[in-house]
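[1] Requesting a structural model of the entry that follows:
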Amino acid sequence: MASRIHPTAIVEPGAQLGADVDLGAYAFVGAGVQLGDRTRLHHHASVEGKTVLGQGCEVFPYACIGGKTQDLKFKGGTPGLRVGERNVFREYVTIHAATYDGDFTVVGSNNTVLAYSHIAHDCVVGDDCVMSNGTMLAGHVTVEDHVVIGGYGGVHQFCRIGAYAMLSATAKLVQDLPPFFIADGTPAVVRAFNKIGLERNGHSPEQLERVKQIFRILYRDGLNRTQALEKLSTHADAATPEFARVLAFAGKSERGIIGGA
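    I've put the predicted structure just below:
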């Protein structure tokens, strides 16, 4: 299928368009942009800055992808945004470039980001995530794979969300949310482990049982954080992927792991 470019779409000189792209009415593609094959920009969608958008992405009306950072520390240069394949960015989504010259905000593949959500400068988002309407990620946030964030969930700068975790609607995350768990509240605390999400992603009963053990040790055994992590590290299942993932995540935490309800 040949590319379809509406007569009112604006493609600045220097932009690179892949095969079979579809640009709607008044769509805008900036000079430094690379659009992958089969990418679609709906009417009034914008991709600008030093942005690479992978194959098969879809950008809905009034979304702005690759705009200048809002960080007041920006001193010029050409920081950018790198986006993987098959992402969906709904209406009014904003994703900003990094702050420092040569750095990139990074979004993986197969993500769905719903209307009015914002991914700020220098964030790193993995694959297969869902961010519901109004999700707000501050600068330097890391979101690992298979994460779900409910509507109007907010994440403080430099926080991290582990793989297969869920942040509930309207929750405010101010510390790191470990893999596999569900957090809710303002500020957010861990309420449970993400049993349904793990089942939907093919985890076995044995894996679910290990995650349940991790949850009990971290949040139900009355241990402080140092004691709980020590117990995890010496557990008979410490070498399993589930235990190892949580221990590795905790080992990299700078803001601290959130508490439990």
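[2] Any regions of this protein where pLDDT drops low?
    Within the chain, the stretches with pLDDT under 70 are 1.
[3] what residue lies at the spatial centre of it?
    When Cα atoms, centre = their mean is applied to the chain, the residue found nearest the centroid is Val125 (3.2 Å).
[4] What's opposite it in the beta bridge?
    With DSSP bridges as the criterion, Val125 is bridged to Val107, Val143.
[5] contacting residues for the closest residue in space to Gly150 that isn't next to it in sequence?
    Of all residues not flanking Gly150 in the chain, Ala169 sits nearest, at 3.2 Å (Cβ to Cβ, 6 or more residues apart in numbering). Yep, even glycine has a C-beta here, placed from its N, CA and C like the rest. Neighbour list for Ala169: Ser132, Gly150, Gly151, Tyr152, Gly153 [criterion: Cβ atoms under 8 Å, 6 or more residues apart in numbering].
[6] before we move on, what SS does Ala169 have?
    With DSSP: H, G, I helix; E, B strand; the rest coil as the basis, Ala169 sits in coil.
[7] just Ala228 next, same as before
    Classified using three-state DSSP, Ala228 is helix.
[8] For it, grab the count of nearby residues.
    Here the number of neighbours of Ala228 (other Cβ atoms under 10 Å) works out to 20.
[9] what comes up buried for the longest helix seen in the chain?
    Counting residues, the longest helix found in the chain (DSSP state H) is helix 205-219. Within helix 205-219, the residues scored as buried using 16 or more other Cβ atoms under 10 Å are Gln207, Leu208, Arg210, Val211, Lys212, Gln213, Ile214, Phe215, Ile217, Leu218, Tyr219.
[10] Equivalent analysis for stretch 68-77, please.
    Thr69, Asp71, Phe74.
[11] Residues touching that stretch, excluding its own?
    So stretch 68-77 is in contact with 49, 79, 96-102, 120-122, 139, going by Cβ under 8 Å, 6+ apart.
[12] Could you pick out which of those residues are located in strands?
    Per DSSP state E, strands hold the following members of the contacts of stretch 68-77: His96.
[13] could you dump the buried residues of stretch 68-77 to JSON lines with secondary structure and distance to Ala165?
    JSON lines is the format used below for those (DSSP: H, G, I helix; E, B strand; the rest coil; distance: Cβ to Cβ, whole Å):
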{"residue": "Thr69", "secondary structure": "coil", "distance to Ala165": "26"}
{"residue": "Asp71", "secondary structure": "coil", "distance to Ala165": "26"}
{"residue": "Phe74", "secondary structure": "coil", "distance to Ala165": "30"}
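[14] which one of the residues you listed sits closest to Tyr92?
    Using Cβ to Cβ, the shortest approach to Tyr92 within these belongs to Thr69, at 18.2 Å.
[15] Now stretch 220-237: buried residues?
    Ala228, Leu229, Leu232, His235.
[16] er, stretch 29-44 I mean
    Buried-residue list, stretch 29-44, by 16+ other Cβ under 10 Å: 29-30, 32-36, 38-42, 44.
[17] Thank you kindly, that will do.
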